[in-house]
Structures are given as structure tokens and as C-alpha cells.
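J.: mind folding the following:
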Amino acid sequence: MAVNENREAFIPFRRTDIIELCLQDGQLNAADADKFKDFCEILSAYYHFRFHKTLEIIKDNYVPFNPSTDVQSLTQPTFDQYDAMESKVVEAFHYILERANYIPLPESIVQQALDRKSLIDLKTQVDFEDFDRFYCYYQGDTSHKIVLKKLFFWRQEKNIETFERIVLLIKFKEAAYFRKKKMKIEELNFTPGKMYVYFYKNIPKLDIDLLFPNVVTSMTWKDRLLFGIPAIGAAIPLLLKALPNLLLLIAAILLIFNATSLLESLGLVVEQYKSQNVMPVLVAALSLAIALGGFAFQQYNNYKNKKIKFQKDVTDTLFFKNLASNISVFQMLMDIAEEQECKEIILVYYHLLTSSTPLTPRKLDSHIESWMERKVGIKINFDINGPLKNLEEIRGKVLGNRKEVDNVSEIPLLTYDRQGFCQVLSLDDAKAVIDYVWDNAFQYNGIALS
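T.: Numbers count the residues shown, from 1 in each chain. You can find the predicted model right below:
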């Protein structure tokens, strides 16, 4: 699989692997290595606590929007509360996706997928006007070659661009909107007013449109020709065979309405048809109805089978690529965001701690990217601003004597000197600060989602 040149901030390794990578670097002696592991452990515990609070915010506010919930609220929210709850869920969604180092996918990219042929030979249509809100994020923009089966023994090799992970949040409009469109609510594949969240893996860019619950699929022009031409071919001999019965039926109808002049204009002998009794007419009508009805049923059945095949193709494509949906998506993404946040902070702290020369944020960013490429052979676009801000915001007290706690000022893990170089606390002081923060975690008033 060839990876595109666009580098991403996502670090595709476990937090424990990053810690081990730092320890294997040889810059820390045995005593400092133990202190570093202790620092990473309590830092991870603290961020787990912080992200857990964010998850609780989502769980409390997602209930009225969850299409698959098994819990109910004791009291229904007011309109103002409903809007506020929706905003909190959406705000938290953006918060965790950004900290998970996922990238927003513009709606224009999704629109392009609708205009181009996907791997599944389908014509698709998605009405974006059905949405109150629509957001999409991805991670891993890659490409690989596949072999497609064509006619007979012909095989075609094709390069497919794929998103390794893709997340969608869709909030549908209320039921009144769909009733106004003359749509039957009970026949929709979704519930109006609900918020759907999907998490998929390895989705070709041209198949993004298949992820939407309101996607409408139909046959392509090629399929219509392959379906229609045989139907026309089969209909012609049937009509020729049924033509005498059809003429007899038309003549009988015209005689009933006394339209003899029209009958004569068709070149038919009026007296000949007047002498006919009603039984042949009934037999002709019945045989014609059976023939045409049987043919129509056969063609309709063929169409239904083709439609079922289309739906099976879509199901087969997406079923094994679905990672989670609705509330479980938030839970999975929360874990990913927590891991990414901790890995970034650990890398920044470690490299500032062990660097032999002072580093500005820009030099530190380049230093970490080069180190990762040298150590594990991947190119990342390291997000330096996030971890620097986090290290600045982690403030605590270094207590020599706990009786003097009121006289000790809080200090941050990271500061800047007058030249703009980054400076972090020593391992002993950093452990003391993060330990103080953890001891006082339950006095924390909540996490800002902005």
C-alpha cells in the first residue's frame, strides 16, 4: 500500500510503544528512566480522567438524539435545552476528533464522490438538504492497487484512493420537513430529528456516498440497457402473438361505444365483428391479460432481483468495514483522542528534557518529526501547538514540606525564556507537579471544549 505524500499529525503507535521508544533512545540513565515511566503513568491517568469527563458530557446530552438508545430521560428537554444539548454534543464531537488528530473532510469532496463512478456499479444520490448538520473527518489518506473482474477473463488493475478511517455525524431534519416532501416517515431508513454517528475503516473515496442513511441507489445507464434491451426483445414476439386477440378486443370495445367509423378507419369489417358472440372476446381479453400480466410480472421480478443484488453489494462493502455507530463511536474516539494527546505530550516533554541545545517550538517540531522518521521510518506532521499548550496549562506545586502548601506557588510544566526557547521542569519536579494536579483532580471544574 502506497501512502500519499500528505503527512498527517496522527501517530500510528500505542502510547506504551512511544514510551518504550524514548527509553530505548539511551538518553536517560536507569534512575531517570524509572522516573520518566512514573511521570508518563500519572500523566496518562490524569488525561484519562479529563477525557472521561468529556465522555460524560456527551452521554448526558446525546440521549434525545440517539436513534438506538435504550435509556430514556425522566423529563423531556425544552426547546432551549434541546438546542443547548445538541450544541454540546457537536462541540464535543469536534473537540475529540481534533485531539485524535483526525482531519475535517470538506463537503465538496463528498459531492465529488456522487458525481463519479464508485467500485460498486451504482448510480447514487444523496440529498444534503435532508441534514440539519453534517460533519465528516478522516485519518489516513492512502492508495493501493486492486484487480477488478470484467467480461470473461479480462481483468483490470486500478489504483484506489482510500481513507483508512472515516467518521460522520449527521443530524436529520424533523419529521415535518419530510412530510412536506411527500415522503412516508415509516418507509425512511432513518429517524427524522435524530443524530447518526458512524465510524468506518478502509473506505474508498468514491464510495463515501454509500455511507449515508438517505442514499438512493439506482441502475446505471449500462445496467438499464442490459435490462431493457432483452425485455424489449422478449416483448416483441409476445405482442405479435397477442395481436389478433388485441384487435378483437379493440373492435369489441369500439362496437360497444358505437364507434363504427373508427373501426372502419382501422380497415376492419364491421359486420364481421358484429356477428361475433361475446365469448371469443372474453377469451381474447383473458388470454391477453394473462400474457401481458405474466410478462410484466417477470420483468418486475427481474428488476427486484437486480435491486436486491445492488443492496447486497452495498451491504457486503460496508458491513465488515463498520467499526462503531452512534454512542459507541464517541467511546472509541475518546480512547483514540486520549492516546494521541498523551503521546504528543510525552514526546514534547522527553525531547525538551534530553535535548543538549535549547529549542524553540519550531525547532522542537522539526526535531520530533526527524526523530520519528529516523526511529520508526514514518513521516508525520507533528502538532506542536497542542502539547505545548497542554504542558503550559498543567500547573502544580512542588512541595518540600506539605505544611507549607499555602505558601507555595503553582508552577507550570513548561515555560519560555526571553529568547523564546522552551523549558520544562526536571523529572523530580515534573513528577511532583503532576502528582499535585492528580491529587487535586476532583476539584477540577470541567474541561473546556473550545
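
J.: ok, the helix or strand encompassing residue 160: who's next to it in the sheet?
T.: Assigned by DSSP states H and E, residue 160 belongs to strand 155-172. Sheet pairing for strand 155-172, assigned by DSSP bridges, gives strand 131-149 (antiparallel), strand 195-204 (antiparallel).

J.: strands of the stretch 301-450 of the chain, start to end?
T.: Taking DSSP state E, counting those that start in this stretch as the test, the strands found in the stretch 301-450 of the chain are 322-325, 395-396, 411-412, 414-416, 422-424.

J.: just the CA trace of the longest one, in PDB.
T.: Which is strand 322-325. Provided in PDB are the C-alpha atoms of strand 322-325 (Å, rounded to 0.1, in the frame of the first residue of the first chain):
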ATOM      1  CA  ASN A 322     -18.100  -0.600  10.200                       C
ATOM      2  CA  LEU A 323     -16.200  -0.100  13.400                       C
ATOM      3  CA  ALA A 324     -19.000   1.500  15.500                       C
ATOM      4  CA  SER A 325     -22.100   3.600  15.400                       C
END
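
J.: which parts of it are buried?
T.: residue 324 (16 or more other Cβ atoms under 10 Å). (Each C-beta comes from the backbone N, C-alpha and C, glycine too.)

J.: strands paired with that strand, and their directions?
T.: Taking DSSP bridges as the criterion, strand 322-325 forms sheet pairs with strand 195-204 (antiparallel).

J.: C-alpha coordinates for the strand it pairs with, PDB please?
T.: Output of strand 195-204 as PDB, limited to C-alpha atoms (Å, rounded to 0.1, in the frame of the first residue of the first chain):
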ATOM      1  CA  MET A 195     -28.300  12.300  15.100                       C
ATOM      2  CA  TYR A 196     -26.400   9.500  13.500                       C
ATOM      3  CA  VAL A 197     -22.700   8.900  14.000                       C
ATOM      4  CA  TYR A 198     -20.700   6.400  12.000                       C
ATOM      5  CA  PHE A 199     -17.100   5.100  12.200                       C
ATOM      6  CA  TYR A 200     -15.700   3.100   9.200                       C
ATOM      7  CA  LYS A 201     -12.400   1.800   8.100                       C
ATOM      8  CA  ASN A 202     -10.800   1.400   4.700                       C
ATOM      9  CA  ILE A 203     -13.400   3.300   2.600                       C
ATOM     10  CA  PRO A 204     -12.600   4.100  -1.000                       C
END
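
J.: now tabulate the strands of the stretch 301-450 of the chain in a markdown table and tack on mean pLDDT.
T.: Shown next, in a markdown table, are the strands of the stretch 301-450 of the chain (pLDDT from 0 to 100):
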| stretch | mean pLDDT |
| --- | --- |
| strand 322-325 | 92 |
| strand 395-396 | 91 |
| strand 411-412 | 94 |
| strand 414-416 | 95 |
| strand 422-424 | 95 |
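
J.: about what we covered before: pull out the buried positions in the strand holding residue 160.
T.: 160, 162-172.

J.: quick revisit: mind putting the strands of the stretch 301-450 of the chain in a markdown table, distance to residue 41 included?
T.: Putting those into a markdown table (distance: least, Cβ to Cβ, whole Å) gives the following:
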| stretch | distance to residue 41 |
| --- | --- |
| strand 322-325 | 28 |
| strand 395-396 | 16 |
| strand 411-412 | 20 |
| strand 414-416 | 19 |
| strand 422-424 | 17 |
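
J.: out of the ones you listed, which comes closest to residue 376?
T.: strand 422-424 (23.3 Å; Cβ to Cβ).

J.: wait, which of the strands of the stretch 301-450 of the chain is closest to residue 22?
T.: Between the strands of the stretch 301-450 of the chain, strand 422-424 lies closest to residue 22; by Cβ to Cβ that is 13.8 Å.
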